[in-house]
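Chemist: predicted model and sequence below, questions to follow.
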Amino acid sequence: MVAHFTVVVVVLSLLCVPIDMKETDNNCSIVTSLPFCSSYPGLSSLPLGPFAIHDSFPMPYFVTAPCHNLTAQQTNCTSFNNGDDASPVFAYSQGICYALGHLSDVQISPLDMTNASAGVLVTYGNGVGDRAVQYVLSCDESVSPTAGPTHAIGDLGGDLTLYQIIWPTPHACNPVKLPAAACSGSIPKPTPDQLLFQEMELGALICYNMATTAGLQGCHPHTLPASSVFTNAAPKKPDTDQWCKAIASFGGKYATIVAKHVCGFAIWPTKARLPAINFTYEYYVGPDRDIVRDFAESCSAVGVKLGIYYSVVSNEYLNVEGGAVRDPSTLGPGQVAVTQDQYADIVSQQLTELWTNYGDLAEIWFDGGFSVGGLQDQLLALLNKTQPHAAIFNGCGLSSNAVGWIGTESGHAPYPIWNTDTGCTSSGGSINGKMYLPREVDLTLQRSDTWFYNGIGYRSLGEMISIYHDSVGHGGNMLLNVAPAPNSSLPDEAMNLYASLGSFIQECYGNGDVPSAHALGSIQACTSNCSTLTISFGAEQSVDRFLIKEELSQGQLIISFEIVDSSGETLFNGSSVGRSVIALLPQPVNTTSITLRVTESKANPQIRLFAVPNPAFCNAGNSSGSPCSLSPNVFVEGLVFQTAVLGDVADCCNLCRQNSTCAVFNTVAKGYSQVTCTLLSAYQGSKIMQGAISGSPN
């Protein structure tokens, strides 16, 4: 949403220092790739600096500790080349600071996979020009705990894309163990609660908070909107019935509401206080309103389970960023000064309220993680006491019911998705992972990755169907944003899109493990001899897609499969199945039968559902009423005349429609909220490319 802490898969050039990143199956005391800096104990103790260090380049690098950002005052920079200062490392040249990494893009990994106490690597991606910076924090007990980094390796003028900050320190000597599941030699299995979470498949994230009425998507540092900006604009009784009706209409089974976002504004009547300093938490909706309860009751009435989002690591009201309280000298109007321990106390009080007053929760969302110094053990104890069965988004390293982020907010998840991983990464997982970690794919209905209402407009039904194919259809849970306007209502256009998406899913694919009533054929609940399954039609039928759902209670077992027609021709080769895979053909084929063959698996697989949808009920989104016809997982080849980086597929469609030369276009995801849009003047064939979307104007 704003701070998932994307984990970068580093395929960059490692510099000078060779680092062995081999997996070690038999050593459980290894540092895992953790998504939150304070999950590794030593990082929170590193001196902040800032430090000015050098390599062969005459200008300095300005460096602070991982998880912190530098300011212009600390760097002597007159400007930042990328427009913000959310980086721990900058290269300096002629008054300009060049960000070598971004706090939103972080991976923590072992320095030596065979020695848990050797040290840790912290890598930040998304720097200027796709650069990344890596802290090499090596364990050295002989170095002073207050010592900073010694030098840097890299050169702004060269071809290197990865820069290294060399930092020997005793703070890097703390080992972190993998979860117990990662140390098992057996196939990782989901907890019963992870399995229930995956079975829900479709959920919603409701964003109605201070940002809605303040016209923001977050909160500007040290600029706090007054409580009245929300309380005077929002109705006394928001239309939560409409929100839940919308969620149920697209088939949502659970709904997670943003109870507190980064501003710190609470939409429930919190009673958190700090008697020692005579402080009462007053940045909230008021004692007579409880939007969380209203929403919970509305969703319960339509059979939708409740989840709660609470931003632990950010609170502008209490001057907190990245889980750490800022220097009190930075306080702006309306902000309150607290200590780190006092902030942890407030978080604990408010989570106790949210986790005890609204019944059993289907999901708990930690956006940006749970990394508040000194709070992890307390959080785990509170979770186990109050919500032991909730799925915990970004909870890897905290809970056995953890759910991982897919690493993109575009909605277009990669294929394959593996529900196993070697560490707490934000990615599609690892086929040989030792821990079970299902994935959630969050996205907005509004265009341009816009989470709180701002009237920017909505994605097309065609793109939403494509996203369904790339989220649920790749094996993840799809979490679709619901963004009410300041008056709490959802526009008719949004309501129609939610309902139309739900109608398409029901008509084409069915509901969960129950196939569509229109399916050409299906096999359900196969528990033995499931490696070859054939659906016969009796007469020739036109087919263009297939739906497969694996039984996951014994783990994700299928490694590869193929689908063949009655003539023996292979129509589709796939790898992961997992919770669901939707296999789309580039064009329909005629056949009298369809056979699923599992060609490789970790153990004897079981199939919950194998179905052949009826193409006649799967053509929504491609009608002439849509601005463009879209083809998911198809990359068109031809004469390219323009390439641009845009917000989403709809932007590419509009660009194509505005140019009379454009006959067809391709989009490929770039980062977590953009696409590379390529316009072609002539079509010269196509190929299957997972995640790509091609289209043409209607």
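Modeler: Here it is on my side, so go on.
Chemist: these two touch, right, residue 642 and residue 678?
Modeler: Yes: counting by C-beta atoms under 8 Å, residue 678 is a contact partner of residue 642 at 7.5 Å. (Each C-beta comes from the backbone N, C-alpha and C, glycine too.)
Chemist: more neighbours, the two?
Modeler: residue 678 (22 against 15; other C-beta atoms under 10 Å).
Chemist: so for the nearest residue to that one once chain neighbours are set aside, what's the pLDDT?
Modeler: Sequence neighbours aside, residue 666 is the residue nearest to residue 678 in space, at 4.6 Å (criterion: C-beta to C-beta, 6 or more residues apart in numbering). Among the per-residue scores, residue 666 shows a pLDDT of 90.
Chemist: try residue 344
Modeler: pLDDT, residue 344: 92.
Chemist: switch to numbering from 347
Modeler: Sounds good: first residue 347 from here, last item residue 690.
Chemist: isn't there a helix covering it?
Modeler: Yes: counting by DSSP: H, G, I helix; E, B strand; the rest coil, residue 690 is part of a helix.
Chemist: counting neighbours, what do you get for it?
Modeler: Residue 690 is flanked by 20 other residues according to other C-beta under 10 Å.
Chemist: likewise for residue 633?
Modeler: For residue 633, using other C-beta under 10 Å, the count is 9.
Chemist: what do you get for residue 983?
Modeler: Residue 983 has 15 neighbours, counted by other C-beta under 10 Å.
Chemist: what strand or helix carries it?
Modeler: Element membership for residue 983 (DSSP states H and E) is strand 974-992.
Chemist: quick one: strands adjacent to that strand?
Modeler: Pairing partners of strand 974-992, with direction, according to DSSP bridges: strand 1020-1043 (antiparallel).
Chemist: so how far is the strand it pairs with from its chain's centroid?
Modeler: 25 Å (C-alpha atoms, centre = their mean, to the nearest Å).
Chemist: residue 829 touches residue 553, doesn't it?
Modeler: Yes: taking contacts as C-beta under 8 Å, residue 829 lies within contact range of residue 553: 5.0 Å.
Chemist: which residues do the two both contact?
Modeler: 797, 798, 799 (C-beta atoms under 8 Å, 6 or more residues apart in numbering).
Chemist: for the first one, which non-adjacent residue is spatially closest?
Modeler: With C-beta to C-beta, 6+ apart as the criterion, residue 797 has its nearest non-adjacent residue at 4.8 Å, and that residue is residue 553.
Chemist: same check, this time on the second one
Modeler: Take residue 798 and drop its neighbours on the chain: the residue closest to it by C-beta to C-beta, 6+ apart is residue 557, 4.2 Å away.
Chemist: quick check on the residue nearest the centre of the chain: phi, psi?
Modeler: Taking C-alpha atoms, centre = their mean, the centroid of the chain lies closest to residue 751, which sits 3.6 Å from it. As for residue 751, its main-chain torsions (degrees, to the nearest 10) stand at phi -80, psi 150.
Chemist: who's it bridged to?
Modeler: Residues in beta-bridge contact with residue 751 (DSSP bridges): residue 786.
Chemist: that one against residue 788, yeah?
Modeler: Yes: if you go by C-beta under 8 Å, residue 751 and residue 788 touch, sitting 7.5 Å apart.
Chemist: tell me where the stretch 597-746 of the chain has strands.
Modeler: 600-606, 619-620, 625-626, 651-656, 666-667, 670-671, 709-711, 737-739 (DSSP state E, counting those that start in this stretch).
Chemist: distance to residue 838 and mean neighbour count for those - can I get that in a markdown table?
Modeler: What follows is these, written out as a markdown table (distance: least, C-beta to C-beta, whole Å; neighbours: other C-beta atoms under 10 Å):
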| stretch | distance to residue 838 | mean neighbour count |
| --- | --- | --- |
| strand 600-606 | 20 | 27 |
| strand 619-620 | 43 | 16 |
| strand 625-626 | 41 | 14 |
| strand 651-656 | 26 | 24 |
| strand 666-667 | 38 | 23 |
| strand 670-671 | 44 | 20 |
| strand 709-711 | 28 | 27 |
| strand 737-739 | 30 | 26 |
